[in-house]
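Fold the stuff below for me.
(chains A, B, C and D, ligands or ions: 6)
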Amino acid sequence: MEALGTEWALDWIRRSAAVIAENKGELSALDRAIGDGDHGENLDRGFRAVIAKLEGASPETPGAVLKLVATTLISTVGGASGPLLGTAYLKGAQAAGDAPGLDGAAVVSLLTAARDGVVARGKAEPGDKTMVDAWTPAVDAATRALGGGGDASAVLEAAAIAAAAGAEATEPLIAHKGRASYLGERAIGHRDPGAQSSALQLRAAADAATGA
Amino acid sequence: MEALGTEWALDWIRRSAAVIAENKGELSALDRAIGDGDHGENLDRGFRAVIAKLEGASPETPGAVLKLVATTLISTVGGASGPLLGTAYLKGAQAAGDAPGLDGAAVVSLLTAARDGVVARGKAEPGDKTMVDAWTPAVDAATRALGGGGDASAVLEAAAIAAAAGAEATEPLIAHKGRASYLGERAIGHRDPGAQSSALQLRAAADAATGA
Amino acid sequence: MKKLIRDPQTVVPDALAGFAAAHPGLVRVQTDPDYIVRADAPVRGKVGLVSGGGSGHEPLHGGFVGYGMLDAAVPGPVFTSPTPDPILEATKAVDGGAGVLHIVKNYTGDVLNFETAADLASAEDIQVETVVVDDDVAVKDSLYTAGRRGVAGTVLVEKIAGAAAERGDDLAGVAAIARTVNANARSMGLALTAPIVPHAGVPSFDIGDDEVEIGIGIHGEPGRARIAWEPVDGLVARLMEPILEDLPFTSSDDVLLFVNGMGATPLVELYIVFDAAASILRERSIQISRSLVGNFVTSLDMQGVSITLLRLDDELKALWDAPVETAALRWGR
Amino acid sequence: MKKLIRDPQTVVPDALAGFAAAHPGLVRVQTDPDYIVRADAPVRGKVGLVSGGGSGHEPLHGGFVGYGMLDAAVPGPVFTSPTPDPILEATKAVDGGAGVLHIVKNYTGDVLNFETAADLASAEDIQVETVVVDDDVAVKDSLYTAGRRGVAGTVLVEKIAGAAAERGDDLAGVAAIARTVNANARSMGLALTAPIVPHAGVPSFDIGDDEVEIGIGIHGEPGRARIAWEPVDGLVARLMEPILEDLPFTSSDDVLLFVNGMGATPLVELYIVFDAAASILRERSIQISRSLVGNFVTSLDMQGVSITLLRLDDELKALWDAPVETAALRWGR
Ligand SMILES: Nc1ncnc2c1ncn2[C@@H]1O[C@H](COP(=O)(O)OP(=O)(O)O)[C@@H](O)[C@H]1O
Ligand SMILES: Nc1ncnc2c1ncn2[C@@H]1O[C@H](COP(=O)(O)OP(=O)(O)O)[C@@H](O)[C@H]1O
Ligand SMILES: [Mg+2]
Ligand SMILES: [Mg+2]
Ligand SMILES: [Mg+2]
Ligand SMILES: [Mg+2]
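Ligands and ions are numbered 1, 2, ... in the order given. Predicted coordinates:
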């Protein structure tokens, strides 16, 4: 199996931008239920800026792509998700370094670094009903897939499936971080928007790897 | 036919208070359409104050009753209708003087003085879509009834019928005075609330005379 | 109807009690009859300024009682002009020997009730002058209407006449300044929603989710025309054109631009309206020398805006800039 | 959705353009990145105060830029915290050599973005201190939440810290005063309606004609509980009790009572709320020494109110009374 290169990273980000644009309304609706209703708008603003930035730039490694995504999200998204997701991409970029391609182990390192970055900045634990609840099962599943001999593409597929399940599993939770924590028990029954958008981005990463 | 005395005047005012209270909502609804929606509230506040005042007082002539009504309306109604109706009762009271009872001619003088008072203060002409459009046909009809030999009660009945018709006849008019004049053509199709409430008061006067 | 009130019948006295509790050093609130006076009223030798009208337009008028503006405000019931008694009592309470100016918005009820109060005050040897404010260009001023309404321009009249009284102008002088302001001020408003009068409990008019009333008053009267909603520049042009043409305002005029919210319009929208109005003035080379943005002459919980332009000269500018200390307008002290 | 806007996407820049046009002598509005600074920034030797956060809370924060209060305000998109870049630029623009205080409302997004900006500013050798405001007692402050929100108390922090900076306190001193205000301020709010965010076009939550949300925030977040509407005294008691018990405020305390409208609540209702709150304080022998009533920390077109109590001592009173000259709060100049 060949490693995932710059083309994959660019395709991942373009797919993420597309799926965020497509789901903008739904993400904001989720945020309206337990937050302030801007999550779709925030991420869409950020990913549109990323796409615009990519037009003028030609990053030469997956790490360089992710670095550009990170700085652009940090300087355009705002809100809680801007610095948190931005940190995820920044730490992911650092883990990817300037390798031209990423194998399964490198993808696991990337995802782990990204998740650890979110946790370091946001201090959320699994079960706090945040994007960490998509990232952490994704990292765990990716690690297991790698241990089972999976290649980069299989690792990402496992991560995407686990992230989607993790996002869904936020529904019954009370929130302990972010705006949803203000609601106490009223947050129960609603999916966390940041977990959902994280799952969409990880699905985009997996689909980019298989060209689905 | 005996003249109408203090009892009649008191009964008139009590009936007016009752009919205004009953029609408060409708009068305000008329005012909502072409004014500011407070006419029923304004008059009801005034007549409730009148009733309260009457409890502590024992005016001894129709003129004294009407004087008390006038000063109470002036000091409790506010708006356009307060000074205008107050003036009507004040001028009516002056016309009635301290006569213990009023015959048909005295009633016509009373109504004429009341109408002239409204016109002097408000400067409205017939057809301007104001309470003058109830008072003027009432005075005209009362005068005709008196000419035809009618007694006080017949004079009031004629006035009441004409006032009701006059109020209804304001519906197709454009207003030239009061708030409804701001609306231009949009006032067409709505009855003037002040004309309507004036007609109700004149109907109360007629019913008090017959004991209906 | 959901409102932060105790009872529709006690809205005015309850708000007055709150006003008194919030501004004890600034004003005294009298009850029965109800009026608000400056804490230091009457000011000896100064012309007293009294205004008033129906409640529901807050901060007008009570919010403008204080140094450099009104000496007294007389609040009627919601949207209903006060009766002569409280106007008379307020007039007596602020007469410092130099006479009293009544600033009256042009509504039949206000004019008649202030007229009676002025007559009664004269009978008690208080000199009273009356200035009627009628700045609303939405209404045709002709023999065949009640004339133009007094709307947001009233604030400008009260501020500038108040400054003239504070600097020591006599009654005729203060009245003349007030008339000058009125003569140079033009306003027009629009509404996105109708107000809900507490004792009515229902909106004063029905309006669709995509409709705008143009040329509204401040008492929930419908406007002269109903149009489909359009972006702010179009709506503002519909207010600015009649205003500009009426005086008319011409290039190189110096103006005060006053964007007034009707009570439930967020400030962020008022600033967008200001931007749209400023663009139109820029095109016509009319200079914005002073500005006022906020909810000053309101109509309960109506969403909407009015725009007022006042043509300025150096004297009006100086009087506008003079210190004022009221609950709703304050600078220089 | 009917709003006085040009386009949901340009609400913030359009309002900033209007703000710049309305207050040219007071502020400079920078674009790309967007922030508002005092016209005379940086003030040499004075600690600079920067605040910011999502837009839609006007006049917060831009309306509080000027002498005696903020040196700069950084508006994010509607209800969305600004990114680090404009915060960094604003910080640089107001640094007069004495360091810069960041006043941050406690929301994850605001805290994180200001944190990054502070790091970047430190890297450019600007001394930055950060004070996080978290006055909202509706939210449990525990390890298991994002902590209390910063709501209307922010205005009091900005005013009083601004006065401390103006009198020459150093960065540590100004930060300490700001923290003292925050430590002595408690707030809670309720909503009758939900705001409509321009780019969403629908209310942020659904609420019935007879329902009230208690314990709301300022971003259209639903509150902690929904109850049936009741007259003002009951509603106000539901806000006052948690506020009073939390600090706790006790008899013979001196307080500033701040009744803040959420944007679409008419002033007449805010004064009725003030009356109801003042009655409760009177019963407890708590003295209202200062007051503030109006729409200062809003949530677009939300109808509702928040109440803030600040326990005062002589120093806080003197700093509160010190001159301030901003678009939305002005006295003494
Ligand atoms: N402390 C945190 N750690 C991790 N994720 C968080 C934290 N706080 C908030 N989030 C995530 O951010 C999402 C909200 O993002 P967004 O709506 O864009 O920002 P804001 O809450 O500032 O409006 C939440 O759904 C949650 O997933
Ligand atoms: N100039 C006038 N002359 C006669 N009647 C008038 C005049 N102006 C108004 N009215 C009457 O007053 C009525 C409105 O009274 P009301 O609603 O109580 O006062 P307001 O218009 O001040 O709210 C109108 O329906 C009209 O009949
Ligand atoms: Mg959000
Ligand atoms: Mg009326
Ligand atoms: Mg009225
Ligand atoms: Mg947000």
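
can you list contacts of stretch A:178-193?
A:27-28, A:30-31, A:33-36, A:39-40, A:80, A:124, A:129-131, A:133, A:167-168, A:170-175, A:194, D:107-108, D:138-140, D:144-146, D:149, D:217, D:219, D:221-222, D:224 (CB atoms under 8 Å, 6 or more residues apart in numbering or on different chains). Glycine gets a C-beta too; all of them are placed from N, C-alpha and C.

Next, the buried residues of it.
Buried positions in stretch A:178-193, judged by neighbour count with 16 or more other CB atoms under 10 Å in any protein chain shown: A:178-184, A:186-187, A:190-193.

What is the end-to-end distance of that stretch?
Counting by CA to CA, to the nearest Å, you get 11 Å between the two ends of stretch A:178-193.

Using the three-state scheme, assign whatever residue of the stretch 1-150 of chain C ends up closest to ligand 1.
Of all residues in the stretch 1-150 of chain C, C:K2 sits closest to ligand 1, at 27.3 Å by CB to the nearest ligand atom. Under DSSP: H, G, I helix; E, B strand; the rest coil, C:K2 falls in the coil class.

returning to what we had before: identify the farthest-apart pair in the buried residues of stretch A:178-193.
Greatest spatial distance among those (CB to CB): A:G184 and A:P193, at 17.9 Å.

Restricted to helices, list the contacts of stretch A:178-193.
In this view, those that belong to helices under DSSP state H are A:27-28, A:30-31, A:33-34, A:39-40, A:133, A:167-168, A:194, D:108.

The residue of chain A most remote from its centre and A:A29, how far apart?
For chain A, the largest distance from the centre (CA atoms, centre = their mean) belongs to A:E185, which lies 26.5 Å off. Distance from A:E185 to A:A29, counting by CB to CB, to the nearest Å: 21 Å.

Then A:D116?
Applying CB to CB to A:D116 and A:A29 gives a distance of 30 Å.

With C:A41 instead?
Plainly put, C:A41 is 56 Å away from A:A29 if you go by CB to CB.

Which one of those two is surrounded by more residues?
Set side by side, C:A41 and A:A29 show more neighbours around C:A41, with 19 against 16, by other CB atoms under 10 Å in any protein chain shown.

pLDDT below threshold where in the chain?
If you meant another chain, say so; for now it's chain A. For chain A, applying pLDDT under 70 flags the ranges A:1.

Return the nearest residue of it with respect to ligand 2.
A:G37 (41.3 Å).

just how off-centre is stretch C:11-29 within its chain?
Distance of stretch C:11-29 from the chain centroid (CA atoms, centre = their mean, to the nearest Å) equals 19 Å.

Tell me the buried residues in that stretch?
Buried residues in stretch C:11-29, defined by neighbour count with 16+ other CB under 10 Å: C:11-23, C:26-29.

just the residues you listed that are near chain B?
Among these, none lies close to chain B by the criterion of CB under 8 Å from any CB of the partner chain.

Narrow those to those in strands?
C:27-29 (DSSP state E).

Can you show me the strands along the stretch 151-300 of chain C?
Remark: strands assigned in the stretch 151-300 of chain C by DSSP state E, counting those that start in this stretch are C:185-191, C:211-214, C:225-228, C:254-261, C:287-294.

Output those strands as JSON lines; include the columns mean neighbour count and mean pLDDT.
Below are the strands of the stretch 151-300 of chain C laid out as JSON lines (neighbours: other CB atoms under 10 Å in any protein chain shown; pLDDT from 0 to 100):
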{"stretch": "strand C:185-191", "mean neighbour count": "28", "mean pLDDT": "98"}
{"stretch": "strand C:211-214", "mean neighbour count": "20", "mean pLDDT": "97"}
{"stretch": "strand C:225-228", "mean neighbour count": "14", "mean pLDDT": "94"}
{"stretch": "strand C:254-261", "mean neighbour count": "25", "mean pLDDT": "98"}
{"stretch": "strand C:287-294", "mean neighbour count": "19", "mean pLDDT": "98"}
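
Now chain C against ligand 2: closest residue?
Counting by CB to the nearest ligand atom, chain C gets nearest to ligand 2 through C:G109 (3.1 Å).

Look up how far ligand 5 lies from that residue.
6 Å (CB to the ion, to the nearest Å).

Same check on A:G37?
Taking CB to the ion, one finds A:G37 at 40 Å from ligand 5.

could you list every residue that touches that residue?
With CB under 8 Å, 6+ apart, A:G37 has these contacts: A:28-29, A:31, D:79, D:197, D:200, D:204, D:219-220.

Quick check on the residue in chain A that chain C sits nearest to: phi, psi?
Residue nearest to chain C within chain A (CB to the nearest CB): A:D38, separated by 15.4 Å. When read as degrees, to the nearest 10, the backbone of A:D38 gives phi -120, psi 0.

What of C:D136?
Dihedral pair for C:D136: phi -90, psi 110, per degrees, to the nearest 10.

For the residue nearest to it when sequence neighbours are not counted, which residues are in contact?
In space, and not counting its chain neighbours, C:D136 is closest to C:R149: 4.1 Å by CB to CB, 6 or more residues apart in numbering or on different chains. Contacts for C:R149 (CB under 8 Å, 6+ apart) come out as B:182, C:105-107, C:134-136, C:138-139, C:217-218.

and A:G101, how many residues sit next to it?
Counted with other CB under 10 Å, the neighbours of A:G101 add up to 17.

Can you report how many residues lie near the closest residue to it other than its chain neighbours?
Excluding its sequence neighbours, the residue lying closest to A:G101 (CB to CB, 6+ apart) is A:A3, at 3.0 Å. By the criterion of other CB under 10 Å, A:A3 has 16 neighbours.

now swap in A:E7 and tell me
A count of nearby residues for A:E7, using other CB under 10 Å, gives 12.

Next one: the host helix or strand of it, is it in contact with chain D?
Using DSSP states H and E, A:E7 maps to helix A:6-34. Yes - remark: helix A:6-34 sits within contact range of chain D at A:28, A:32, A:34, by CB under 8 Å from any CB.

That helix close to ligand 6?
No - Helix A:6-34 is not in contact with ligand 6 by CB under 5 Å from the ion; minimum separation 7.6 Å.

For that helix, name the packing helices and strands.
Packing partners of helix A:6-34 (3 or more CB pairs under 8 Å, 6 or more residues apart in numbering or on different chains; DSSP states H and E): helix A:39-56, helix A:62-76, helix A:193-210.

contacting residues for A:K91?
A:113-114, A:116-117.

I meant to write C:H199 there.
Per CB under 8 Å, 6+ apart, neighbours of C:H199: B:38, B:41, C:8-9, C:78.

Those into TSV, with extra columns for distance to C:A191 and neighbour count?
Shown next, in TSV, are the contacts of C:H199 (distance: CB to CB, whole Å; neighbours: other CB atoms under 10 Å in any protein chain shown):
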residue	distance to C:A191	neighbour count
B:D38	18	30
B:E41	22	25
C:P8	22	15
C:Q9	26	14
C:V78	17	26
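
Would you reformat those residues as TSV and include distance to D:P242?
Below are these laid out as TSV (distance: CB to CB, whole Å):
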residue	distance to D:P242
B:D38	38
B:E41	38
C:P8	28
C:Q9	30
C:V78	32
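
so which of those would you say is closest to ligand 4?
Closest approach to ligand 4 among the contacts of C:H199 (CB to the ion): B:D38, at 4.3 Å.
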